[in-house]
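*Asks:* Output the structure for:
(chains A and B)
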Number of protein chains: 2
Amino acid sequence: MTSRRDFLKNCGTLAGAAGFSYVGFSSHAVYDTPGRYETGKGKGMTLRFRPYELELKHVFTIATSSRRTTPVMLTEIEYDGVIGFGEASMPPYLGESHETVSNFLKMVNLARYSSPFLMEEILDYIELLAPGNYAAKASVDIALHDLAGKLMNQPWYRIWGLNTEKTPFTSFTIGIDTPDVVRTNVDEASPYRILKVKLGQDNDKEMIQTIRSVTDKPLCVDVNEGWKERQMALDMIYWLKDQGVVFVEQPMPKVLVEDLSWLTQNSPLPVIADESVQTIGDVKKADGVYSGINIKLMKCGGMRSAFKMINTARALNMKVMIGCMTETSCAISAAAQLSPMVYWADLDGNLLISNDIFDGVTVEDGKLTLPDRPGIGIISKKYKVSSK
Amino acid sequence: MTSRRDFLKNCGTLAGAAGFSYVGFSSHAVYDTPGRYETGKGKGMTLRFRPYELELKHVFTIATSSRRTTPVMLTEIEYDGVIGFGEASMPPYLGESHETVSNFLKMVNLARYSSPFLMEEILDYIELLAPGNYAAKASVDIALHDLAGKLMNQPWYRIWGLNTEKTPFTSFTIGIDTPDVVRTNVDEASPYRILKVKLGQDNDKEMIQTIRSVTDKPLCVDVNEGWKERQMALDMIYWLKDQGVVFVEQPMPKVLVEDLSWLTQNSPLPVIADESVQTIGDVKKADGVYSGINIKLMKCGGMRSAFKMINTARALNMKVMIGCMTETSCAISAAAQLSPMVYWADLDGNLLISNDIFDGVTVEDGKLTLPDRPGIGIISKKYKVSSK
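*Replies:* Next up, the predicted model:
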């Protein structure tokens, strides 16, 4: 993981540099900026990327870890004077890092393609460059979608024929913490209509009771594989239903397929796969084991794969939710383009950080609100490092 | 079925009328043309349609019927001065007709939608207007896609990120007939690299032997549910493999699910579902029963559904082919937009008729060749009724 000092070394100069244009449509004078890398110079597409470190507003605890920053890689693909933006987010427990993403992106040679519209081929090539590396792959996929959307002068939701009025409410995540901190977080979440609670530690009921002492909003819970025994899990789900919980995400370890099938069959709430379903090949395996799946761009490799997974899951009568990592408004806005197709959204990753560098999708009265801008719909924000 | 006399009554006047502009971008002076119908006048989209009768170059025989014409309904949706074209094709054995399609389209009210880009909602509305009526639904879907593509100024293959170089060869269909006629038809099919043979009568081996006496091109066979016993079907498939057949379509009646599963498991050639798979809900049911599916716009309701079915089938590791009815270059070009995604194409419906009214996809050296035009890529042809 890149330290905060490395982060400042990488980004401080950029922030202070006159004419810094990373997040603009012009890319002049950025080629020799420290920390940046460029491949595929030529007449076609040029890929550039640089590391960035997201600062979380609150220390973030899930069943398996706890942290205050998330490394991301910011990408851009330029073609014919137009730039598409992308992003890879690398929460440490998923195994990608600035180094792995950088190594992956250095292998990418987009100069071999004559047009960014050859998306299926380009993204098949990206997929086959190396196994895994899904955040790195997503950063290329998102930048390519942003670019193609801008070249067509259309937002992706419109290209996909979706109605912006059909975006769901997004849930806002409340991490595992002391009752006092949880209460403060719930208070800060007042604009949101649904709260997502991370369970799977030894204080699950206390967490829910603490939240219920301050709000009666609908809740969803993400157990991150934290429960190990199916009868206990089922009892807990019945208890959660009485507490106003609407669905349960990844209640048990993904390897316990039989237990999960049993749990889904007997559960009074929908059981959603998260860790169990990474890419499109996993959707079929989830059929019969879960009621639905949670799709994340950083897990599946980007918007193309997510779009196909949503269509496949719906064809198999599974519910779909779309989730995220901590990300800037770049990757969140990319995911939000798909959100009119899903049942639930958990796209709060940009709301949990203090140093977002893009404006894109917003949340209005708890509902995802898509901007009428081409591509993934983002524009640059004045770059600032949080003073926290 | 509409008789030839009705057809002339319906279309002759149109053909002779000065300023007939059905197939142009302007729609002035067509409102009061006999045989035409219009709904949804207003500021938004306007739907128009009129019946047409395709004349087949050869009497066409499959296992269940024989005919010389196919009724179609030509549709157009106009929005903001731009017109998208669509088509319903109604081979009689599928139960739709000029009358049923007309009745369906008269129910359609597009004035309730502010934009043609709300495709998911509009097509969900079309889907729910009445059960069945898939050709009628496809005629709206295709016109809407053509319109939206024109408004984005992009062909659909480009919007979907597909490479036109990846279009497959299309097969050309040889109907069941006397050896002499079959030999003539094979001769006429010289530009095509793959031939499709309709089997399922009592002269299957004779058909293949007749064709093999004049060409060694790869063959695919469509049995249209014609074989009734699985061991006989398997023996036949082994024989066909030795004759250079590459896959077998719908060998047995769709209701014989167990026999078909057994046949697929034991078959040395891929077994493809046609009658078994109509809409996206059927794809899951075909998993394990067939090696792949044949998608047709007139069966599934159009391009949106076909696109989702292709993605779903691929996610389930099934092979996909795209087929057609006898259709003008309108519906064929719509289907061809999807063809870079499929394994095999059987898009020869426009080549089997003598009175096509559009130019669109062409076949060059046996390969589907997509035009670089927006929407579904068609333009009008000088209207002429065949002199045959």
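*Asks:* List the contacts of whichever strand or helix holds residue A:239.
*Replies:* Assigning secondary structure by DSSP states H and E places residue A:239 in helix A:230-242. For helix A:230-242, contacts defined as C-beta atoms under 8 Å, 6 or more residues apart in numbering or on different chains pick out A:204-205, A:208, A:219, A:221, A:223, A:227, A:245, A:248, A:251-252, A:256, A:259-260, A:262-263, A:266-269, A:271. (Each C-beta comes from the backbone N, C-alpha and C, glycine too.)
*Asks:* So which of those residues belong to helices?
*Replies:* Mapping these onto helices (DSSP state H) picks out A:204-205, A:208, A:259-260, A:262-263, A:266.
*Asks:* Arrange those in a markdown table, one row each, with neighbour count and pLDDT as further columns.
*Replies:* Below are those laid out as a markdown table (neighbours: other C-beta atoms under 10 Å in any protein chain shown; pLDDT from 0 to 100):
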| residue | neighbour count | pLDDT |
| --- | --- | --- |
| A:204 | 20 | 93 |
| A:205 | 13 | 94 |
| A:208 | 20 | 94 |
| A:259 | 20 | 98 |
| A:260 | 25 | 98 |
| A:262 | 17 | 98 |
| A:263 | 22 | 98 |
| A:266 | 14 | 98 |
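*Asks:* now for these, which pair is the farthest apart?
*Replies:* Farthest-apart pair in the ones in helices among the contacts of helix A:230-242 is A:208 and A:262; separation 23.5 Å (C-beta to C-beta).
*Asks:* one step back: quick one: which of the ones in helices among the contacts of helix A:230-242 is nearest to residue B:294?
*Replies:* Nearest member of the ones in helices among the contacts of helix A:230-242 to residue B:294, counting by C-beta to C-beta, is residue A:260, at 35.0 Å.
*Asks:* next one: stretch A:150-168 to chain centre, how far?
*Replies:* Relative to the chain's own centre, stretch A:150-168 is displaced by 18 Å; criterion: C-alpha atoms, centre = their mean, to the nearest Å.
*Asks:* does any bit of that stretch sit next to chain B?
*Replies:* Yes - Stretch A:150-168 is in contact with chain B by C-beta under 8 Å from any C-beta of the partner chain, via A:152-154, A:158-163, A:166.
*Asks:* Could you check the angle the longest helix along chain A makes with helix B:134-152?
*Replies:* Taking DSSP H as the criterion, chain A has its longest helix at helix A:134-152. On the basis of axes from the mean of the first three to the mean of the last three C-alpha atoms, to 10 degrees, helix A:134-152 is oriented at 80 degrees to helix B:134-152.
*Asks:* Render the CA-only coordinates of helix A:134-152 in PDB, please.
*Replies:* Below are the C-alpha coordinates for helix A:134-152, written out as PDB (Å, rounded to 0.1, in the frame of the first residue of the first chain):
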ATOM      1  CA  TYR A 134     -10.100  -6.700 -12.300                       C
ATOM      2  CA  ALA A 135      -9.700  -3.200 -10.900                       C
ATOM      3  CA  ALA A 136      -7.000  -2.500 -13.400                       C
ATOM      4  CA  LYS A 137      -9.200  -3.800 -16.200                       C
ATOM      5  CA  ALA A 138     -12.100  -1.700 -15.000                       C
ATOM      6  CA  SER A 139     -10.000   1.400 -15.200                       C
ATOM      7  CA  VAL A 140      -9.400   0.800 -18.900                       C
ATOM      8  CA  ASP A 141     -13.100  -0.200 -19.500                       C
ATOM      9  CA  ILE A 142     -14.500   2.900 -17.800                       C
ATOM     10  CA  ALA A 143     -12.100   5.300 -19.600                       C
ATOM     11  CA  LEU A 144     -13.000   3.600 -22.900                       C
ATOM     12  CA  HIS A 145     -16.800   3.900 -22.200                       C
ATOM     13  CA  ASP A 146     -16.300   7.500 -21.200                       C
ATOM     14  CA  LEU A 147     -14.400   8.200 -24.400                       C
ATOM     15  CA  ALA A 148     -16.900   6.400 -26.700                       C
ATOM     16  CA  GLY A 149     -19.900   8.100 -25.000                       C
ATOM     17  CA  LYS A 150     -18.200  11.500 -25.500                       C
ATOM     18  CA  LEU A 151     -17.500  10.600 -29.100                       C
ATOM     19  CA  MET A 152     -21.200   9.800 -29.600                       C
END
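*Asks:* Thought residue A:338 was touching residue A:310, still the case?
*Replies:* Yes - at 6.3 Å, residue A:310 counts as touching residue A:338 under the criterion of C-beta atoms under 8 Å.
*Asks:* any residues in contact with both of those two?
*Replies:* A:295, A:322.
*Asks:* Any stretches of chain A with poor pLDDT?
*Replies:* A:1-43, A:60-65, A:382-388 (pLDDT under 70).
*Asks:* who in it is up against chain B?
*Replies:* A:117-121, A:123, A:148, A:152-154, A:158-163, A:166, A:280-281, A:283-284, A:287, A:304, A:308-309, A:311-312, A:315-317, A:340-341.
*Asks:* now, which of the residues you listed lie within helices?
*Replies:* Short answer: those in helices (DSSP H) are A:119-121, A:123, A:148, A:152, A:158-159, A:281, A:283-284, A:304, A:308-309, A:311-312, A:315.
*Asks:* which of the residues you listed are buried?
*Replies:* The neighbour count (16 or more other C-beta atoms under 10 Å in any protein chain shown) marks A:119-121, A:123, A:148, A:152, A:158-159, A:283-284, A:304, A:308-309, A:311-312, A:315 as buried among those.
*Asks:* Where do the helices of the stretch 1-150 of chain A begin and end?
*Replies:* A:4-16, A:98-107, A:119-129, A:134-152 (DSSP state H, counting those that start in this stretch).
*Asks:* Can you give me the separation between the residue nearest to residue A:91 when sequence neighbours are not counted and residue B:212?
*Replies:* The shortest distance from residue A:91 to any residue other than its chain neighbours is 5.2 Å, reached at residue A:325 (C-beta to C-beta, 6 or more residues apart in numbering or on different chains). Distance, residue A:325 to residue B:212, by C-beta to C-beta, to the nearest Å: 59 Å.
*Asks:* continuing past the host helix or strand of residue A:335, what's the next helix or strand?
*Replies:* Residue A:335 belongs to helix A:329-338 when assigned by DSSP H and E. The helix or strand immediately downstream of helix A:329-338 is strand A:344-345, counting by DSSP H and E.
*Asks:* who does that next one touch, helix- and strand-wise?
*Replies:* Judged by 3 or more C-beta pairs under 8 Å, 6 or more residues apart in numbering or on different chains; DSSP states H and E, the packing partners of strand A:344-345 are strand A:319-323.
*Asks:* Format the CA atom coordinates belonging to the strand it packs on as CSV.
*Replies:* Taking C-alpha atoms only, strand A:319-323 is exported to CSV below (Å, rounded to 0.1, in the frame of the first residue of the first chain):
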residue,chain,number,x,y,z
LYS,A,319,-32.3,-9.8,-8.3
VAL,A,320,-29.5,-7.4,-9.0
MET,A,321,-27.8,-4.8,-6.9
ILE,A,322,-24.9,-2.6,-7.9
GLY,A,323,-22.2,-1.8,-5.3
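*Asks:* thinking again about what came up before, can the residues of stretch A:150-168 next to chain B go into TSV with extra columns for distance to residue A:187?
*Replies:* Below are the residues of stretch A:150-168 next to chain B laid out as TSV (distance: C-beta to C-beta, whole Å):
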residue	distance to residue A:187
A:152	43
A:153	42
A:154	39
A:158	37
A:159	39
A:160	37
A:161	39
A:162	33
A:163	33
A:166	30
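*Asks:* so what's residue A:323 bridging to?
*Replies:* Note on residue A:323: beta-bridge partners by DSSP bridges are residue A:296.
*Asks:* That one reaches residue A:346, doesn't it?
*Replies:* Yes - using C-beta under 8 Å, residue A:323 is in contact with residue A:346, at 4.3 Å.
*Asks:* In terms of neighbours, single out the busier of those two.
*Replies:* Comparing residue A:323 with residue A:346 by other C-beta atoms under 10 Å in any protein chain shown, the one with more neighbours is residue A:323, at 27 against 24.
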